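**Student:** The amino acid sequence is not available; the structure is as follows:
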Ligand SMILES: O=c1ccn([C@@H]2O[C@H](COP(=O)(O)O)[C@@H](O)[C@H]2O)c(=O)[nH]1
């Protein structure tokens, strides 16, 4: 059983990537965005600068005022540390991350079945020890910054879509809850892996937004229409002059779609 089994509103499917080393900036963004989107994602840039203590500070930053003065709800957290190491080391990393009570935790699928199973066992064991719900455990397939040519250069067998499907099948067989994929693979993954397999999708760009280093992209409304469970969106929100307004515009678009 994972933390997010109930149906949710489209805007609650948006997780904002707070890619910054600055804990005060991330905290302020988290506070501004609370209630507008479904949660936040903290990754390598933030974690390497601020560690678990920084994560705690940011997730506790709810809206400054709640409608009836009740305590602010903790933000949903995707802890995006993309573990990829030998099974014993990844299991240890998962155990160490669990006290942060993330909603979503991830590994790289290319780490293989034994590594993924070790991560899952560690998450189950530690969740029981801590008396918390196990986070959704997902695996990264092919990074959304890579196209078929980039994949060839690494010696992996492309095209990207085939490699994503292969790694997703491996992930599902290992018992994990879903994958990180691009919007281009959603339809094929739904057909192959079924409706309950979670698809977490970065590489999201509103029409006309700068792609940056992303190569396999789609707009937020299109990706939701394709069937993404969660969208990961960073720079189009955090790089905007008014991040709260940018998040609200994207959320409204997604709700309308
Ligand atoms: O395949 C992947 C896996 C992870 N990411 C992460 O998502 C965000 C995207 O940020 P943008 O600013 O919207 O490009 C970022 O934190 C990546 O580390 C990904 O992009 N692709």
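**Tutor:** Done, it's in. Worth saying up front: this structure is predicted, and the values here are computed from it rather than measured.

**Student:** host element of residue 40?
**Tutor:** Here residue 40 sits within strand 39-43, counting by DSSP states H and E.

**Student:** same question but for residue 80, I mixed them up
**Tutor:** Residue 80 belongs to strand 77-83, assigned by DSSP H and E.

**Student:** Quick one: mean pLDDT for that strand?
**Tutor:** The pLDDT scores in strand 77-83 average 98.

**Student:** now do stretch 59-71
**Tutor:** Rounded mean pLDDT across stretch 59-71 is 63.

**Student:** Give the closest residue to residue 202 in space, chain neighbours not counted.
**Tutor:** Leaving out its chain neighbours, the residue that sits closest to residue 202 by C-beta to C-beta, 6 or more residues apart in numbering is residue 232, at 3.9 Å. In this view, the C-beta of every residue, glycine as well, is placed from N, C-alpha and C.

**Student:** how far away is the one you found from the ligand?
**Tutor:** With distances taken as C-beta to the nearest ligand atom, to the nearest Å, residue 232 is found 4 Å from the ligand.

**Student:** Bridge partners for that residue, pull those for me.
**Tutor:** For residue 232, the beta-bridge partners under DSSP bridges are residue 15.

**Student:** I figured it was touching residue 39, is that so?
**Tutor:** No. Counting by C-beta atoms under 8 Å, residue 39 is not a contact partner of residue 232; they are 10.1 Å apart.

**Student:** now residue 30: how far from residue 10?
**Tutor:** 20 Å (C-beta to C-beta, to the nearest Å).

**Student:** neighbouring contacts of the helix or strand in which residue 191 is found?
**Tutor:** Assigned by DSSP H and E, residue 191 belongs to helix 186-193. Contact with helix 186-193 is made by 161, 164-165, 168-169, 172, 179, 181, 197, 199, 201, 223, 226-228, as judged by C-beta atoms under 8 Å, 6 or more residues apart in numbering.

**Student:** quick check, distance from stretch 204-219 to the centre of its chain.
**Tutor:** 17 Å (C-alpha atoms, centre = their mean, to the nearest Å).

**Student:** in the chain, which spans are helices?
**Tutor:** For the chain, the helices defined by DSSP state H occupy 23-33, 44-59, 87-97, 113-130, 148-153, 160-173, 186-193, 220-226, 235-238, 243-256.

**Student:** would JSON lines of those with mean neighbour count and distance to residue 209 be doable?
**Tutor:** Shown next, in JSON lines, are the helices of the chain (neighbours: other C-beta atoms under 10 Å; distance: least, C-beta to C-beta, whole Å):
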{"stretch": "helix 23-33", "mean neighbour count": "19", "distance to residue 209": "17"}
{"stretch": "helix 44-59", "mean neighbour count": "16", "distance to residue 209": "20"}
{"stretch": "helix 87-97", "mean neighbour count": "17", "distance to residue 209": "31"}
{"stretch": "helix 113-130", "mean neighbour count": "18", "distance to residue 209": "33"}
{"stretch": "helix 148-153", "mean neighbour count": "14", "distance to residue 209": "21"}
{"stretch": "helix 160-173", "mean neighbour count": "20", "distance to residue 209": "21"}
{"stretch": "helix 186-193", "mean neighbour count": "16", "distance to residue 209": "19"}
{"stretch": "helix 220-226", "mean neighbour count": "21", "distance to residue 209": "10"}
{"stretch": "helix 235-238", "mean neighbour count": "21", "distance to residue 209": "5"}
{"stretch": "helix 243-256", "mean neighbour count": "18", "distance to residue 209": "10"}
